[in-house]
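Enquirer: need coordinates for the following:
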Amino acid sequence: MKQQDRARMRIGGEEVVEIDINASYLTILHGISGFALPERDDIYDISGIDRAIVKAWITSTIGHHSFHSRWPKNALAEIKAAGIDKPKSMTMASLQPTILDHFPMLSDWPSQKITWADLMFIESEIVIGTMVELMRGYGAPCFSVHDSIIVRKKDQKIAVETLENQFLGRASVEPKLKVKQS
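Expert: Sure, this is the predicted structure:
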């Protein structure tokens, strides 16, 4: 379901909010590696480089066993979908020093024991744990959408607290969350 369609959803006739985890895999990697999250609202926000390019570089790297020498097709599609032309002067290799300077826990990515599958598993534990606690502990129905959850507007506060606690318990980090109103 597209984001604009999700905004029109209702649970029991009530308005909903979507609570999005900013840079979920990267947040988890910070936590389990013992690195503090950057002091900015959007983890992907690196001055001088468009957010979509930073995100595409990181997701391509985390989804691969080594550093890329060129942009994968899916990364180029992601960048194009964000309205950016192919980054001719910004190659994967030329961006690597800057991005690794901002995210040092990725510097040894090719030799790390953790993989994208581990990050996906931890994320799923966090989201499922949040949903179960909301439903069983608070009678709050919810839906998951990749790295976000949808809850009734009236359940927003407890859902944010629960999601933060699940992150702390499973990844030792407090995530940056963004609430999208319907």
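Enquirer: and the next element down the chain from the helix or strand harbouring residue 149?
Expert: When secondary structure is defined by DSSP states H and E, residue 149 falls within strand 148-152. The helix or strand immediately downstream of strand 148-152 is helix 156-171, counting by DSSP H and E.
Enquirer: and the lengthiest strand in the chain with strand 148-152, angle?
Expert: Longest strand in the chain by number of residues (criterion: DSSP state E): strand 14-21. Between strand 14-21 and strand 148-152, the angle comes out at 160 degrees (axes from the mean of the first three to the mean of the last three Cα atoms, to 10 degrees).
Enquirer: give the next helix or strand downstream of strand 14-21.
Expert: Sequence order places helix 24-33 as the next helix or strand after strand 14-21, per DSSP H and E.
Enquirer: that next one packs against which elements?
Expert: Packing contacts for helix 24-33, counted by 3 or more Cβ pairs under 8 Å, 6 or more residues apart in numbering; DSSP states H and E, involve helix 51-62, helix 116-138, helix 156-171. Where C-beta positions appear, they are placed from N, C-alpha and C, glycine not excepted.
Enquirer: residues near the closest residue to residue 138 other than its chain neighbours, how many?
Expert: Taking Cβ to Cβ, 6 or more residues apart in numbering, and ignoring the residues beside it in sequence, residue 138 has residue 158 as its nearest neighbour in space, at 5.6 Å. Residue 158 sits with 15 neighbouring residues when counted by other Cβ atoms under 10 Å.
Enquirer: also the one 4 residues further on?
Expert: Neighbour count for residue 162, taken as other Cβ under 10 Å: 24.
Enquirer: who touches it in this structure?
Expert: 130, 133, 134, 137, 138 (Cβ atoms under 8 Å, 6 or more residues apart in numbering).
Enquirer: redo the helices and strands packed on helix 24-33 as JSON lines? Include mean pLDDT.
Expert: Compiled in JSON lines, those are given as follows (pLDDT from 0 to 100):
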{"stretch": "helix 51-62", "mean pLDDT": "95"}
{"stretch": "helix 116-138", "mean pLDDT": "97"}
{"stretch": "helix 156-171", "mean pLDDT": "97"}
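Enquirer: quick check: which ranges of this structure have low pLDDT?
Expert: Low-confidence segments of the chain (pLDDT under 70): 86.
Enquirer: at 50 what do you get?
Expert: The model of the chain has no residue with pLDDT under 50.
Enquirer: mind giving me the packing neighbours of the strand holding residue 149?
Expert: Under the contact definition 3+ Cβ pairs under 8 Å, 6+ apart, strand 148-152 sits against strand 10-11, strand 14-21, helix 116-138, strand 142-145, helix 156-171.
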